[in-house]
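J.: Let me see the structure of the following:
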Amino acid sequence: MSMARSLVITLAVMVAAGVLEGCASTRPAAAQKHKKRGRRAPVSAANDAADGAVASSARLAEALDAGEVELTDAVDEGLVSYYHDSLAGNPTANGERYRLAGATCAHKTLPFGTIVVIEDTTTGKLATCRVNDRGPFVKGRVLDVSKRVARDLGLLDRGVIRARLRLIIPTAA
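T.: Predicted coordinates for the structure are as follows:
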């Protein structure tokens with residue numbers, strides 16, 4: 001199976017899982033048990049796999065060039081910032097723990113699990129991440145990203161960037 005085809009299948013599965021995950025109204029039972037005991041909920045292998053499956057800029061560019069995937073028109077545009085290091089380990093809105101090395105983000109309305117392509121409107125750099133939190137709650141900001149994504153976008157030195165958000169759509173094979 002070609003790399004581009006595997007990317008399309010992986011992204012389609014992740015988007016479908018994200019739509020279903022967004023329908024959940026309560027935290028998973030395992031996360032609730034740990035919260036009651038005052039312990040941290042363990043980061044599941046599924047979360048690690050999902051973060052690892054988020055496309056790198058190079059893989060995304062290859063899939064776009066090969067015609068395997070397309071990007072939607074912009075679904076949002078505005079300022080993007082990143083989570084402070086002190087928030088590492090804190091729970092996100094979907095019950096996961098925030099990890100600096102994860103390719104995750106916070107958006108106000110997109111369903112959990114949605115893969116977002118962030119395009120820096122100044123530099124043209126691309127990065128992808130998975131929605132697992134709600135926010136940002138600062139006027140004018142549309143997305144908060146993990147440190148890994150901030151590094152990929154060159155955001156660490158600038159603090160805030162203007163960006164366009166798009167979603168990935170698999171093309172008919």
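
J.: For the rest of this, base every contact and every neighbour count on C-alpha atoms.
T.: Will do.

J.: how about the helices of this protein, start to end?
T.: Listed in chain order, the helices of the chain (DSSP state H) span 3-22, 29-37, 45-53, 57-65, 147-153.

J.: what does the shortest one contact?
T.: Think helix 147-153. Residues outside helix 147-153 that contact it (C-alpha atoms under 8 Å, 6 or more residues apart in numbering) are 81-85, 100-104, 120, 125-129, 156.

J.: Span of stretch 68-83 from start to end?
T.: Taking C-alpha to C-alpha, to the nearest Å, stretch 68-83 runs 32 Å from one end to the other.

J.: Which parts of that stretch count as buried, going by neighbours?
T.: Of the residues in stretch 68-83, 68-70, 77-83 count as buried by neighbour count, 16 or more other C-alpha atoms under 10 Å.

J.: Strand partners (parallel or antiparallel) of the longest strand along the chain?
T.: When the chain is parsed with DSSP state E, its longest strand is strand 161-170. Paired with strand 161-170 in the same sheet, following DSSP bridges, are strand 69-71 (antiparallel), strand 76-82 (antiparallel), strand 115-120 (antiparallel).

J.: want to try a markdown table for those, with distance to Leu60 as columns?
T.: Shown next, in a markdown table, are the strands paired with strand 161-170 (distance: least, C-alpha to C-alpha, whole Å):
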| stretch | distance to Leu60 |
| --- | --- |
| strand 69-71 | 8 |
| strand 76-82 | 19 |
| strand 115-120 | 9 |
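
J.: In CSV, list the ones you listed along with mean pLDDT and distance to Leu143.
T.: Formatted as CSV, these follow (pLDDT from 0 to 100; distance: least, C-alpha to C-alpha, whole Å):
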stretch, mean pLDDT, distance to Leu143
strand 69-71, 87, 18
strand 76-82, 96, 5
strand 115-120, 94, 9
